[in-house]
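*Asks:* My questions concern the predicted model and sequence given below.
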Amino acid sequence: MDRQDLLKRLKGHEWTDVEFKEAQREVPKSAYETVSAFSNTHGGWLAFGIRQMAAGYEVAGIADADKVQGDFPSDHRADHQGERAGSRPHSKVVASCGTPILEETMQGQIPSKFRGWWRIVETSQWVNDGLNLLGPALISLTGTADRLRMHALLAYVFCKPTKSGVSFNWEGAWEFDQVSGSGRVTLGKDGRLRGVIRIKDGDSSKFIAERSVEPDEPIPSPPSYRDKWRRHW
């Protein structure tokens, strides 16, 4: 969910996958109840820095975004050691008119038949010869710190279960160009993933992936545009 999506939600009245908390300086206890509720469904979003008013919601902002962002994931891990896999939050600070808002994304549990690492072996639209340009083409679907590597793309993956499979959003870099998109997968009768990956404002491709294991060397983080210029100095 980006800034425009979040602000659109503020004008709505009914949601099943998003809750707003004020949390200007610390994480409210009710936030952990929301995490537990989301972990038992298909996940959702928890936005800090939003104040409830008589006529709706308004952006209040967070006085110490770094503290709230740092406290919530660590507090959640400490207080919910028994929480099932795949329900840990991912944090992202977004801004409205310069006011920081903290968005926490909670994923529901990824079903065991999908959970884990998958080797992408074929795409329908993109040249397969360059599929392993940066290393074995892989996608992980665990619900925690997931990654995607294929062609010249390195990306973070945020996945959640659906009725028929798993859907995901991703953010990363194709070489040094910042890109994002979405995708979805289902499981074929042969045990292989059948999926589609889309580039925002770009093209899309079907892909096939086979069950694999986590690589010995972690997939590198996506480079920033500034990294491109650092290479020239």
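*Replies:* Happy to help now that I have it. Numbers count the residues shown, from 1 in each chain.

*Asks:* And the helices in the protein, which stretches?
*Replies:* 3-10, 30-39, 65-79, 225-230 (DSSP state H).

*Asks:* Where does pLDDT dip in the chain?
*Replies:* 1-17, 24, 36, 38-44, 55, 65, 68-70, 72-108, 225-233 (pLDDT under 70).

*Asks:* Now do the domain split for it, please.
*Replies:* In the domain annotation for the chain, the residue ranges read 3-106, 116-230 (automatic domain parsing).

*Asks:* measure the residue nearest to residue 52 when sequence neighbours are not counted to residue 31 for me?
*Replies:* Among residues not flanking residue 52 along the chain, residue 20 sits closest, at 6.8 Å (CB to CB, 6 or more residues apart in numbering). For glycine as for every other residue, the C-beta is placed from the backbone atoms N, C-alpha and C. Distance from residue 20 to residue 31, counting by CB to CB, to the nearest Å: 11 Å.

*Asks:* So between those two, which is more surrounded?
*Replies:* For residue 20 versus residue 31, the count of surrounding residues by other CB atoms under 10 Å is larger for residue 20: 23 against 20.

*Asks:* Touching, the more buried one and residue 50? I think so.
*Replies:* Yes - counting by CB atoms under 8 Å, residue 20 does reach residue 50; the two are 3.7 Å apart.

*Asks:* if we can go back for a sec, pairing partners for the residue nearest to residue 52 in the sheet, please.
*Replies:* Applying DSSP bridges to residue 20 yields these beta-bridge partners: residue 47.

*Asks:* In contact with it, which residues?
*Replies:* By CB atoms under 8 Å, 6 or more residues apart in numbering, the contact set of residue 20 is 10, 46-47, 50, 52, 57.

*Asks:* Would you mind checking which of those is nearest to residue 143?
*Replies:* residue 46 (15.6 Å; CB to CB).

*Asks:* quick one: the strands in this structure?
*Replies:* 18-21, 44-48, 50-53, 56-59, 89-96, 99-106, 116-123, 138-141, 146-150, 153-161, 166-174, 177-187, 193-199, 204-211 (DSSP state E).

*Asks:* want to throw the contacts of residue 20 into a markdown table with distance to residue 180?
*Replies:* Formatted as a markdown table, the contacts of residue 20 follow (distance: CB to CB, whole Å):
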| residue | distance to residue 180 |
| --- | --- |
| 10 | 22 |
| 46 | 21 |
| 47 | 19 |
| 50 | 23 |
| 52 | 30 |
| 57 | 26 |
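
*Asks:* if we take these, which one ends up nearest to residue 189?
*Replies:* residue 46 (37.4 Å).

*Asks:* can you count the residues close to the closest one?
*Replies:* 25.

*Asks:* Would you mind confirming that it is in contact with residue 19?
*Replies:* Yes - using CB under 8 Å, residue 46 is in contact with residue 19, at 5.4 Å.

*Asks:* what's the overlap in contacts for these two?
*Replies:* Common neighbours of residue 46 and residue 19 (CB under 8 Å, 6+ apart) are residue 34.

*Asks:* circling back to that earlier point, can you tell me which of the contacts of residue 20 are buried?
*Replies:* 46-47, 50, 57 (16 or more other CB atoms under 10 Å).

*Asks:* ok, back up a step: how about the strands of the chain in a markdown table, adding distance to residue 37?
*Replies:* Listed next are the strands of the chain as a markdown table, based on distance: least, CB to CB, whole Å:
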| stretch | distance to residue 37 |
| --- | --- |
| strand 18-21 | 9 |
| strand 44-48 | 8 |
| strand 50-53 | 18 |
| strand 56-59 | 19 |
| strand 89-96 | 13 |
| strand 99-106 | 9 |
| strand 116-123 | 26 |
| strand 138-141 | 22 |
| strand 146-150 | 22 |
| strand 153-161 | 14 |
| strand 166-174 | 20 |
| strand 177-187 | 24 |
| strand 193-199 | 28 |
| strand 204-211 | 31 |
